[in-house]
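Quick one, fold the following:
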Amino acid sequence: MNAFARTWHISVLLIAALLPQWAQAASGLPEAQRFGFALPVDAKTPIWTNHITVRNIRDSVTSNGVEFISIDTFKNIGKGPERGVSAVNSTTKQRVWHTPFLSETTNSASSKDERQIESSTLIQRGNRLLCTYLVTPNATAPKVRFWEFMILDTASGKVVRRERTKIAIPLVNFTIIGDYWFVTDERAAQTLRLEPGTGEIIWSHPDVLKFSTLTEKAISFYKRIRDDAWQVTALDLDTGKPLFNQRFERLDRHIVKGVLARDGSVFVELGAQYDWNLERGAMYRTYSVAFDAATARPLWRTPFFD
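Residues are numbered from 1 along each chain as shown. Now for the predicted structure:
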């Protein structure tokens, strides 16, 4: 057998061996095998309401007739003399104060600040204003970026505290959800909640997961562990203590799409594969399962949606 024939023969054998795996991955999951299929179906109880997500961030805050605005390389350009945070009288539109994003070379008059600054976000706590922002220190190394924050006095714009993370993203990340500030540290496998008015740690959780939703009393997360296993966690917003901490095993051809904790229940939004498309890949039908937070027992599910 020549070399070409041997190669062709091996390729045919490999394809024959893999075909059952491909066929299984490409096939839809029978409805009866979807997680929670036998649970009672509830189509009326509202679930995904009264919550906020990572999309709920602000680059302006108004309080006591003063609007605070963050200005960075891409956002609110022209609303201030330079990049930084401005306080503007809401009625007269006169600037009350402006605090620039301080540079490592601030003391050098001949040095031009060429940093790229983006994703600036504001949170107010009483007479303190937190501004978090992402800094690319060196234009020649655009993939090396660090989170930085300033805490300002709202009356004067004076910098009360300013720090930059020592480790670049994605190992250390800031996440702002509404008026809440979280830090994830991949090296230490920790998620922390920080107080925006001081920068001090409120609580820490020994894991890093994907943020899903924040309700009045809980913050919820999920993470894929492997193809058929997912971690779902909900923490008390004030203390960081786990309200729900469940690993879903043998969840073949399922994905977790969201988690929400409220009033003693945890709702997990799932996708069950029903088809596979050559261009789009796996296609899922979405539904939610309600769990008792204390016992992790599934209670009911919604209908399956395309």
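
Assign the residue nearest the centre of the chain to helix, strand or coil.
Against the mean C-alpha coordinate of the chain, by C-alpha atoms, centre = their mean, the closest residue is residue 211 at 4.2 Å. In three-state terms, and counting by DSSP: H, G, I helix; E, B strand; the rest coil, residue 211 is strand.

Break this protein into its domains for me.
28-51+215-306, 56-210 (automatic domain parsing).

can you redo the ones you listed as CSV with mean neighbour count?
C-beta coordinates here come from the backbone N, C-alpha and C atoms, glycine included. Converted to CSV, the domains of the chain look like this (neighbours: other C-beta atoms under 10 Å):
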stretch, mean neighbour count
domain 28-51+215-306, 16
domain 56-210, 16
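
can I get those domains in CSV with mean pLDDT?
Below are those laid out as CSV (pLDDT from 0 to 100):
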stretch, mean pLDDT
domain 28-51+215-306, 95
domain 56-210, 92
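
show me the contacts for residue 270.
By C-beta atoms under 8 Å, 6 or more residues apart in numbering, residue 270 lies in contact with 34-36, 254-257, 286-289.

Would you verify that residue 157 is located in a helix?
No - counting by three-state DSSP, residue 157 is not found in a helix; it is coil.

Contacts only, for it.
The contact partners of residue 157, taken as C-beta under 8 Å, 6+ apart, are 85, 87, 96-99.

Turn those residues into JSON lines, columns for distance to residue 165.
Output for the contacts of residue 157, formatted as JSON lines (distance: C-beta to C-beta, whole Å):
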{"residue": "85", "distance to residue 165": "19"}
{"residue": "87", "distance to residue 165": "26"}
{"residue": "96", "distance to residue 165": "30"}
{"residue": "97", "distance to residue 165": "26"}
{"residue": "98", "distance to residue 165": "25"}
{"residue": "99", "distance to residue 165": "20"}
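
and which of these is nearest residue 266?
residue 85 (37.8 Å; C-beta to C-beta).

Enumerate every residue touching the closest one.
Contact partners of residue 85, counting by C-beta under 8 Å, 6+ apart, are 68-71, 98-99, 120, 122, 129, 131, 150, 152, 157.

so how far is stretch 61-75 off the chain centroid?
When C-alpha coordinates are averaged (C-alpha atoms, centre = their mean, to the nearest Å), stretch 61-75 and its chain have centres 23 Å apart.

Stretch 218-233 now?
The answer for stretch 218-233 is 13 Å, by C-alpha atoms, centre = their mean.

returning to that earlier point: tell me which of the contacts of residue 85 fall in strands.
68-71, 98-99, 120, 122, 129, 131, 150, 152 (DSSP state E).

Relative to residue 138, which of the residues you listed is nearest.
For the ones in strands among the contacts of residue 85, the nearest to residue 138 is residue 120 (19.2 Å; C-beta to C-beta).

For residue 54, see how far away the closest one is.
Distance check for residue 120 against residue 54: by C-beta to C-beta, to the nearest Å, it reads 15 Å.

Next: residue 233.
From residue 233 across to residue 54, the span is 16 Å (C-beta to C-beta).

swap in residue 241?
22 Å.

And residue 211, by the same measure?
Residue 211 is 5 Å from residue 54, by C-beta to C-beta.

list residues touching both of these two?
With C-beta under 8 Å, 6+ apart, residue 211 and residue 54 have common neighbours 175, 177.

What does the nearest residue to residue 63 once chain neighbours are set aside show for phi and psi?
Spatial nearest neighbour of residue 63, excluding adjacent residues (C-beta to C-beta, 6 or more residues apart in numbering): residue 124 at 5.9 Å. Backbone geometry at residue 124, expressed as degrees, to the nearest 10, gives phi -100, psi 140.

does residue 124 have beta-bridge partners, and which?
Judged by DSSP bridges, the bridge partners of residue 124 are residue 129.

Quick one: residues contacting it.
Contacts for residue 124 (C-beta under 8 Å, 6+ apart) come out as 61, 63, 68, 130, 154, 179, 196.

Mind doing that once more with 10 Å?
Residues near residue 124 by C-beta atoms under 10 Å, 6 or more residues apart in numbering: 58, 61-63, 68, 130, 152, 154, 179, 196-197.

Of those residues, which is the nearest to residue 75?
residue 58 (11.2 Å).

need the contact list for that closest one.
Contacts for residue 58 (C-beta under 10 Å, 6+ apart) come out as 68, 70, 120-124, 176, 178-179.

so how far is residue 196 from residue 101?
Counting by C-beta to C-beta, the separation of residue 101 from residue 196 is 17 Å.

That should have said residue 182, apologies.
Here the criterion is C-beta to C-beta. By it, residue 182 lies 11 Å from residue 196.
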